[in-house]
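A.B. asks: after the sequence you'll find the predicted model.
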Amino acid sequence: MSTYPGIKTAIMPIAPDQRPVLGAFLRARREALPPERAGVMRVSARRRTPGLRREEVAQLCGISTTWYTWAEQGRDITLSAPTLGRLADALRLSPAERAYLFELTRQKDPRPPDPAGAESLPPDLTRLPELIDAPAYLLDRLWCVRAANARARHLFTGWLAGPEPNLLRYVFLDPAARTFLEDWDDRAHRILAEFRADTARLADDPALERIVAALLRDSPDFARFWTGHAVLSRAGGPRRFMHPQDGLLVHDQITLIPAGHPDYKLVVLPPGDG
């Protein structure tokens, strides 16, 4: 069971139509991996099997050769998330291949990429906000801002000019947010409900658990809203801000998901009607 408050997880069976796909994927990755790269010493210069043998993968993962063979054969078996994680490590899967493995098996990765690491941000995404005339910024899967243009930095001077990149921590822990966001109580409640819906698929994500635990500890308002279990889709529409220099500003919010990068959101705020 997940320690992420309010969400339970279970091992899901592999769908029948996905079993042969999973088997073919595992075999292809096994045969493409040189033994030396996996830390397996060649005992002979001639090997009948390209890449690793099945028993070598099984040994690296700490599972039986029979069980791994059944996985490659598309048998009706269940693979837990920790076992899949060991398989991904043994086969030296890339981040995209690892994500594909967990998608095929409908499991939650117990060790997803760390969003705080700069290496995890696709370089082409950092340029997106700069291509837009309106305020625009890029959020990762935990709603930490990863890039923003000058207009966004001016609009959100209290947030983007500060040391706190996470939107939830700014909203609930920075006193200035309560003045900047008109009708703070309603906006904070909606933001948290959208965040909960957006991160439900990350139920076993340690980084998410740390953010939620810290906010539950540090913000009574966060705890009050969180225990209400409200869930909302991330909707657009008008947003009203009381800017410290410019006074009341009204913008429309548009949220876009970049193709091929579902963990990121591009938020654009064109001028709205006052």
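C.D. replies: Structure's in. What do you need? Numbering: from 1, shown residues only.

A.B. asks: I figured Leu155 hits Pro244, correct?
C.D. replies: No: the pair Leu155 / Pro244 is not scored as a contact, 10.9 Å apart, by CB atoms under 8 Å. From N, CA and C alone the C-beta is placed, and that goes for glycine too.

A.B. asks: the more surrounded of the two?
C.D. replies: Leu155 (24 against 11; other CB atoms under 10 Å).

A.B. asks: gap between that one and Leu139?
C.D. replies: Computed as CB to CB, to the nearest Å, the Leu155 to Leu139 distance reads 15 Å.

A.B. asks: can you give me the helices in the stretch 151-274 of the chain?
C.D. replies: Ranges of helices in the stretch 151-274 of the chain, per DSSP state H, counting those that start in this stretch, are 157-160, 167-173, 177-180, 184-198, 206-218, 220-226.

A.B. asks: Leu52 is nearest to which of those helices?
C.D. replies: Taking CB to CB, helix 206-218 is the member of the helices of the stretch 151-274 of the chain nearest to Leu52, at 29.4 Å.

A.B. asks: sorry, back to before: would TSV of the helices of the stretch 151-274 of the chain with mean neighbour count, mean pLDDT and distance to Gln73 be doable?
C.D. replies: Output for the helices of the stretch 151-274 of the chain, formatted as TSV (neighbours: other CB atoms under 10 Å; pLDDT from 0 to 100; distance: least, CB to CB, whole Å):
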stretch	mean neighbour count	mean pLDDT	distance to Gln73
helix 157-160	19	89	52
helix 167-173	21	94	45
helix 177-180	18	95	55
helix 184-198	17	92	37
helix 206-218	16	89	33
helix 220-226	16	93	45
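
A.B. asks: quick one: residues contacting the spatially most central residue of the chain.
C.D. replies: Per CA atoms, centre = their mean, the C-alpha nearest to the average position across the chain is that of Arg141, at 4.1 Å. Residues in contact with Arg141 (CB atoms under 8 Å, 6 or more residues apart in numbering) are Pro115, Thr199, Leu202, Asp263, Tyr264.

A.B. asks: and it, what element?
C.D. replies: Here Arg141 sits in a region with no helix or strand, counting by DSSP states H and E.

A.B. asks: hmm, which of the contacts of Arg141 is lowest in pLDDT?
C.D. replies: The pLDDT minimum for the contacts of Arg141 sits at Pro115, where the score is 45.

A.B. asks: what's across from the residue nearest to Glu182 when sequence neighbours are not counted in the sheet?
C.D. replies: Take Glu182 and drop its neighbours on the chain: the residue closest to it by CB to CB, 6 or more residues apart in numbering is Arg240, 4.0 Å away. On the basis of DSSP bridges, Arg240 is bridged to Val250.

A.B. asks: what about Arg240, neighbour count?
C.D. replies: By other CB under 10 Å, the residues close to Arg240 number 15.

A.B. asks: pretty sure it sits against Val250.
C.D. replies: Yes: between Arg240 and Val250 there is a contact under CB under 8 Å: 5.4 Å.

A.B. asks: now do the shared contacts for the two.
C.D. replies: With CB under 8 Å, 6+ apart, Arg240 and Val250 have no common neighbours.

A.B. asks: any idea how far the nearest residue to Arg86 once chain neighbours are set aside is from Leu93?
C.D. replies: Nearest in space to Arg86, with sequence neighbours left out and distances taken as CB to CB, 6+ apart, is Cys61 at 4.3 Å. Distance, Cys61 to Leu93, by CB to CB: 12 Å.
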